[in-house]
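Enquirer: Need the 3D shape of this:
(chains A and B, ligands or ions: 2)
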Amino acid sequence: MSNEYRAVGKSFPKVDGHKLVTGAPAFTDDFHLPGMLWGKILASPHAHARIRHIDSRKAKALPGVHAVLTYKDVPRVPHTTAGQAWPEPSPYDTYLLDSKVRFVGDRVAAVAAESRAIAEEALRLIEVDYEILPAVLDMEQAMTGASVIHDEPDSKNIYDAGHNVAGYILREIGNVEEGFREADYIFEREYRTQRQQHCSLEPHISICWLDADGRLVIRSSTQVPYHCRRQVAQILQLPISRVHVIKPRIGGGFGGKQEMLLEDICGALALASRRPVKIEYTREEEFYMARSRHPQILRMKMGVKRDGTIVASQMKVLAGTGAYGSHATTVQGNTGSKVLPLYRAPHMLFECHVVYTNAPVAGAFRGYGCPQGYFAQETLVDEIATELGIDPMEFRRKNAIRLGDVDRLSAQLGEGREGLARVIRSCGLPECLERGATAIGWQQKRKQRFDRHEAVKRGVGMACAMQGSGIAGVDWASAFLKMNEDGSFFLQVGASDVGGGADTVLSQIAAETLGVTLDKIVITSGDTDTTPFDVGAYASSTTIISGGAVKKAAQKVRAQIMALAARMLEAPVESLVCAENRISAPGKSISMGDLALHAMYKEKVQIMEGASHFNTDSPPPFCATFAEVAVDTQTGRVQVLHLATAVDLGTAINPMYAEGQVEGAVTQGLGLALTEELLLDGDGRPVNPNFRDYKIFTAKDMPTLSTILVETEEPLGPYGAKSVSEVPINGVAPAIANAIFHAVGVRIRKLPIRPEDVLRALCEEQKEELAAV
Amino acid sequence: MKQMELRLNVNGETKTWTISPGDLLLDVLRREGYFGVKRGCEKGECGTCTVLLNGRPVNSCLLFAAHVEGQELLTVEGLAAGETLDPLQEAFLEHGAVQCGFCTGGALLSAKALLDRRANPSETEIREALAGHYCRCTGYQKPVEAVLAVARKRKPKIIPEEAA
Ligand code: FES
Ligand code: FES
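Expert: Ligands and ions are numbered 1, 2, ... in the order given. Reported below is the predicted structural model:
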């Protein structure tokens, strides 16, 4: 890689960091509007019920209440809350408010009042008569169709509403049955994964008001300002031009905010009350009224040759989307398309049913279906390697996709529609394996056998993964740049920095391309009135897609600057060099500031340009994860001692923040592997919607982290960059499960892996051993 | 509702605010424009609402405002000396310890309380001090490195161990 870059590849602090460390008012809620009301949603206490009768008169009469909305007061527009490019591939099965409720926490009504206390009091005054319907919480049971969750006639794009199937996917390349016949060994196992919640420290929040022109302004904690604008306009039946979405600083998203979640109801309340309204979820509401990761039951089957060559791999998935189908088929499509092709089996089959249940709604969550798929695939692969007596790392090296390969499954599994074939143009997986193994001490620790009599046993395990960089042919972005008379630039992007450092990375790309220092770039992002379009922050798309747009816009602006500089310096363009805010020709030079002044006041020209960008391929970043664990055979407790993650991310535009993405991802992966699960009781009520009972990792729970950035040069990415934020979460759970096997010889095939799961497995193994003697 | 007067010192300035006896400190601080104090859970579980009360970290979501009458508060807004950032703030920037920044104010204050108390804390002590601050973005690696870097740079103050 080139070391000549001045802005790219450097660990600059965040361009928005100063306001964050000083506590400046930067987030959605850090803002008072005169007359602002509190909005509050009446949540369904029942998992499945019809509203026979609803009376809001008493609530409306309460002093201080300015609006009460039930399904009778709002337009009925079927839509999806998934923040996806139009036309959204998710079913249109959701309504602003409905006469039926489908999970505990579903919207029944909404109020806006002068204080939180009055709003809460008003909710209590709404009289609702429910006809309670049988609730289905079990995914397998849901498909019998005994209780139909979406029986409304006007929903669209549901695969089979009568059997509660939101979406169905079947894709095959080659012929798996033939593949299994060719195989010497066939392995088949079942895996289960849980409902994980994003736990962004900032809960969902929106503030809506009407500006002086009567346009609806939405200040919101969102990853998708543009999709949100389009969806709110559709739901509230306003022209898009009458809606203005502003994304301030966001307190974490992780996919949870790739969703139009509060903006519609908050907007409806603002329109009804003609006052500014704020709605913020409490932490408890956030747990079950926002989104979570789809729970899945995965049946994975692989056929292998005696020498360890995989000939056929098949994954059949049953996934629960909860009461609404937000991201239903797209998340699950990824479970197949971004997981199976990691190994070059000639025959592959992916089949998936995504079912409705009366549970909280699932949605986008970092990894987008891949963590579930990789848990199944990477633990099965480990099992196969062990059975065949091959080192699991060798087994993977032998079968893994490599440079120049074409992944044909992706071609069949696009974003809910036919996708595009994926060609591997950069692949650092072998180096990831090498360096990750060294960091954990693989060779030596795999051989080490621990004293059988020790209560606490250690083991090491590993897993591989890939992801994508944007959705091929769907994700696109634009950027606009204009020069100021002091030689600084305004960079306007629709991209949504949700905390990961996108504003910084995009500014670095602009600075590099323009030949200026980073402080000369002033970025505005995620405002639908002032910045050009971007699909938003998801699918690991920002660096490659939004970054591509920024680079293009900057190249165009640079061309304008160079043309003018050539005239001013009386030198041919080819002889000009632009760096550190100066353009130089042999023997003479001019500062960007002087050039800009000249352009504006002498030539009367605004130097400015915009550009749009999309890719027809989604280059995968690769990752190898290695875990070392200690398992207490008396308590079943698993302690992760060391987690080493090596990621091929193309070029690291900002290595420090790339590392931060990896560290954050693996920490969520640790929770997924060992502690996190939103539990429901038999009536669909959340059991643990708080941080005391839903356990995420804290600073003192952490293992030693080794983070290794493996740089490659991706031809489709700006300055060779791919993506980094999602891929590292995929391998954590399987690496830990495999390390547990190495330590104590039991396979755990469900997440999270709790002490009782390990103990149970150990007991069963003991029983089997005893029976064998 | 009954109103009362609250006198206190916030970030070195004397303030007199009118509050209701049941008002939570978190709500009062945000109402008065101290937006650096964040609302993450309102249950004393996440640490985003942390302020220093007479130098010790407390969750402002668990305290009645009336409780701090006459006492000294430090919020993240008071951490920098005018334009000069506190070394911890600098280190958080330099080490990439800030991602979304929602947990940052609270974490900075607890780190400050630790460093004021312990001249040269170990990594374990730093992790203990940050354990009450949930961060969903960073994996804690860079925040811990940032605090360690500040601790190592400081001249060890002579504080007897018992006083810590
Ligand atoms: S808001 Fe006070 S601890 Fe979470
Ligand atoms: S930086 Fe986002 S929660 Fe800590």
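Enquirer: Walk me through the domains of chain B.
Expert: Following automatic domain parsing, chain B resolves into domains at B:4-78, B:87-153.
Enquirer: With chain A in mind, check whether the longest one reaches it.
Expert: Yes - applying Cβ under 8 Å from any Cβ of the partner chain, one finds domain B:4-78 in contact with chain A at B:30, B:33-43, B:45-46, B:48, B:75-77. Any C-beta I mention is one placed from the backbone N, CA and C, and that applies to glycine too.
Enquirer: Drop anything exposed from the residues you listed.
Expert: Buried subset of these (neighbour count, 16 or more other Cβ atoms under 10 Å in any protein chain shown): B:30, B:34-42, B:45-46, B:48, B:75-77.
Enquirer: In which helix or strand does residue A:738 reside?
Expert: For residue A:738, the element it lies in under DSSP states H and E is helix A:732-744.
Enquirer: same for that helix, what does it pack against?
Expert: Contacts defined by 3 or more Cβ pairs under 8 Å, 6 or more residues apart in numbering or on different chains; DSSP states H and E place helix A:732-744 against helix A:370-388, strand A:456-466, strand A:622-632, strand A:638-650, helix A:655-674, helix A:755-772.
Enquirer: Now for the residue in the stretch 651-773 of chain A positioned nearest to ligand 2: which residues touch it?
Expert: Proximity of the stretch 651-773 of chain A to ligand 2 (Cβ to the nearest ligand atom) peaks at residue A:664, 8.0 Å away. Shown in contact with residue A:664 (Cβ atoms under 8 Å, 6 or more residues apart in numbering or on different chains): B:99, B:136, B:137, B:138, B:139.
Enquirer: For chain B, what lies in contact range of ligand 2?
Expert: Contact residues (Cβ under 6 Å from any ligand atom) of chain B with ligand 2: B:98, B:99, B:100, B:101, B:102, B:103, B:104, B:135, B:136, B:137, B:138.
Enquirer: Give me the subset of those residues that lies in helices.
Expert: Counted as lying in helices by DSSP state H, out of the residues of chain B next to ligand 2, are residue B:104.
Enquirer: center of chain B - which residue?
Expert: Nearest to the mean C-alpha position of chain B, by Cα atoms, centre = their mean, lies residue B:109 at 2.7 Å.
Enquirer: Could you list the buried residues of the helix or strand containing that one?
Expert: Using DSSP H and E, residue B:109 sits in helix B:104-117. For helix B:104-117, a neighbour-count test (16+ other Cβ under 10 Å) marks B:104, B:105, B:106, B:107, B:108, B:109, B:110, B:111, B:112, B:113, B:114, B:115 as buried.
Enquirer: so is residue A:349 in a helix, a strand, or just coil?
Expert: strand (DSSP: H, G, I helix; E, B strand; the rest coil).
Enquirer: which strand residues sit across from it in the sheet?
Expert: residue A:172, residue A:314 (DSSP bridges).
Enquirer: Now the helix holding residue B:109 - C-alpha only, PDB.
Expert: Listed in PDB are the C-alpha atoms of helix B:104-117, where the atom choice follows Å, rounded to 0.1, in the frame of the first residue of the first chain:
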ATOM      1  CA  THR B 104     -18.200   9.600  27.400                       C
ATOM      2  CA  GLY B 105     -19.200  12.400  29.800                       C
ATOM      3  CA  GLY B 106     -19.900   9.900  32.600                       C
ATOM      4  CA  ALA B 107     -16.900   7.800  32.000                       C
ATOM      5  CA  LEU B 108     -14.600  10.900  32.000                       C
ATOM      6  CA  LEU B 109     -15.900  12.000  35.300                       C
ATOM      7  CA  SER B 110     -15.500   8.600  37.000                       C
ATOM      8  CA  ALA B 111     -12.000   8.500  35.500                       C
ATOM      9  CA  LYS B 112     -11.300  11.900  37.000                       C
ATOM     10  CA  ALA B 113     -12.500  10.900  40.400                       C
ATOM     11  CA  LEU B 114     -10.300   7.900  40.300                       C
ATOM     12  CA  LEU B 115      -7.200   9.800  39.200                       C
ATOM     13  CA  ASP B 116      -7.900  12.500  41.900                       C
ATOM     14  CA  ARG B 117      -7.900   9.700  44.500                       C
END
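Enquirer: got a list of contacts for the following helix or strand past that helix?
Expert: Note on helix B:104-117: by DSSP H and E, the next helix or strand toward the C-terminus is helix B:123-130. For helix B:123-130, contacts defined as Cβ under 8 Å, 6+ apart pick out A:698-700, A:702, B:107, B:110-111, B:113-114, B:118, B:121, B:140, B:143-144, B:147-148, B:151.
Enquirer: Going through these, which ones are buried?
Expert: A:698-700, A:702, B:107, B:110-111, B:113-114, B:118, B:121, B:140, B:143-144, B:147-148, B:151.
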